[in-house]
Structure formats: C-alpha cells, structure tokens
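> Here is my input; please provide its structure:
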Amino acid sequence: MASALDISGLRRARFARRVPATLAALAGPRHGVVSLPLHLAWSGLREFDLEQPRLRMSYYRIVLAEGMQDDLVEYLDRDLLLTVWPTLRTLISRDIRDVWESAFDELAIRARAAA
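Below is the predicted model of the structure:
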C-alpha cells in the first residue's frame, strides 16, 4: 500500500508538469463573465463573474486543480493571480500551493508578505 507521502509526491509531480514556464504566460481574462469548458468544470457551476470575489476564487480554484498547462495559460491572468494569491493559497490544496510557490518566487513572496 502506498504511503501518504508517496501519494502526495505523485500529486505534486502531476501539478508540477502543468505549471507554465513563467507567470507572464498566463493570459487569461481579468474581468467579465467566463465560461469554463466541461473538462474543467464538470460538476456544478460553469460560468463565473470575475467581478465577484467568491466566484473569482471558485474559478481560480477549479482552474488550478483541474487545468492542464494550456488551460492555466488560457484561463488564468498573471496580475489577478498575484492579487488573489494570499487568500487563494488558503483555499487550494497544499500540493498545488507548494508547487506554485516553489515554481514562482513572486507567489512565495506574496504569501510571506500576507502572513
């Protein structure tokens, strides 16, 4: 039977393969209503008004957890991610948070500044 550490390592490796090379690659929307495709939002809400903080957080949580690299680039915005990161990081899995903060110093710095 696989240990929890082994499973966490596998999850982190899976998320790490999806991360774009730079945050600048994130060219998604900043405003308005966005519809996610079924392969991302396969259960529940699919349309998100990015002007509404709770819906924006739900949208980012879904894209980070379910998105492949192309999805991350298409649906996430660099500046918006940096803005919401201090709160968002508390709403996502530890594996996703650790992968993104290890990959991007900007996110780790934001997390420390908010602590």
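
> can you pull the contacts of the residue nearest the centre of the chain?
With distances taken as Cα atoms, centre = their mean, L64 lies nearest the centre of the chain, 2.9 Å away. Contacts of L64 were listed using Cβ atoms under 8 Å, 6 or more residues apart in numbering, and they are L72, L76, L88, I92, I96, W100. C-beta here means a position set from N, CA and C on the backbone, and glycine is covered the same way.

> rerun that using 6 Å as the cut-off
Applying Cβ atoms under 6 Å, 6 or more residues apart in numbering to L64 gives the contacts I92, I96.

> how about the helix or strand hosting it: buried residues?
Per DSSP states H and E, L64 falls inside helix 53-66. For helix 53-66, the neighbour count (16 or more other Cβ atoms under 10 Å) marks L55, R56, M57, S58, Y59, Y60, I62, V63, L64 as buried.

> Can you name the next helix or strand after it?
Per DSSP H and E, helix 53-66 leads on to helix 69-75 as the next helix or strand towards the C-terminus.

> Many thanks, we can stop here.
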